[in-house]
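Participant: predicted model, plus sequence, below.
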Amino acid sequence: MSVYALSVGLVGFVVSLLLSVVSVYLGLLLFSRLTPKTDEFAELAKGNVAVGLLLASVVFAVALVVTPAIPHLSNALLSARYALISSFVVVLVRLIAAVVSVSLAVYVFDRLSGSLDEFAEIKKGNTAVSVVLAAVILATALFIRSSFNAVA
């Protein structure tokens, strides 16, 4: 293996690692805007499993939508500046699409579920509500991922 290939692989690894950290952070930050009455990390510190399940589904949903763009980004490191910039744009668009879609799905689910206040229940530790909402989030991410893969 050449030094060049090894260095490109290392740079690709570092970029992927940074991208994963930034994507997860932004996904959780934007999702927390949906729940202004709940401090998710304070609830996690209390051991609230329901909040943990919900946040885990957000992390997984962001990963489902963003990860297919990673190989394009890694390949772009080997090519022209235009390809690298366009790959970053694709990753950014996927991240925004994931967060907006998940937010919209949660909003619609909240409206359709009637008098049930999902976030109040989750804050109380209701894991049943958390699991259902997590499934909504993950299903939305799978649909979004499929729609991006269809045009890739």
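Facilitator: Now that the structure is in, tell me what you want to look at.

Participant: and the gap between residue 21 and residue 28?
Facilitator: Using Cβ to Cβ, to the nearest Å, residue 21 is found at 11 Å from residue 28. Placement of C-beta: from N, CA and C, glycine included.

Participant: for those two, indicate the residue with more neighbours.
Facilitator: Legend: neighbour count by other Cβ atoms under 10 Å for residue 21 and residue 28, higher for residue 28 (16 against 10).

Participant: OK, contacts around that one?
Facilitator: By Cβ atoms under 8 Å, 6 or more residues apart in numbering, the residues touching residue 28 are 40, 55, 58-59.

Participant: can we see that at 7 Å?
Facilitator: By Cβ atoms under 7 Å, 6 or more residues apart in numbering, residue 28 lies in contact with 55, 58-59.

Participant: repeat for residue 60
Facilitator: Residue 60 makes contact with residue 138, according to Cβ under 7 Å, 6+ apart.

Participant: go again using 10 Å as the cut-off
Facilitator: Shown in contact with residue 60 (Cβ atoms under 10 Å, 6 or more residues apart in numbering): 24, 27, 134, 137-138, 141.

Participant: dump those to CSV, plus distance to residue 148.
Facilitator: Formatted as CSV, the contacts of residue 60 follow (distance: Cβ to Cβ, whole Å):
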residue, distance to residue 148
24, 18
27, 16
134, 21
137, 17
138, 16
141, 11
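
Participant: ok, and the most crowded of the residues you listed?
Facilitator: Among the contacts of residue 60, the one with the most neighbours (other Cβ under 10 Å) is residue 137, at 28 neighbours.

Participant: let me know the secondary structure of it.
Facilitator: Under DSSP: H, G, I helix; E, B strand; the rest coil, residue 137 falls in the helix class.

Participant: ok, it touching residue 106?
Facilitator: Yes: counting by Cβ atoms under 10 Å, residue 137 does reach residue 106; the two are 6.7 Å apart.
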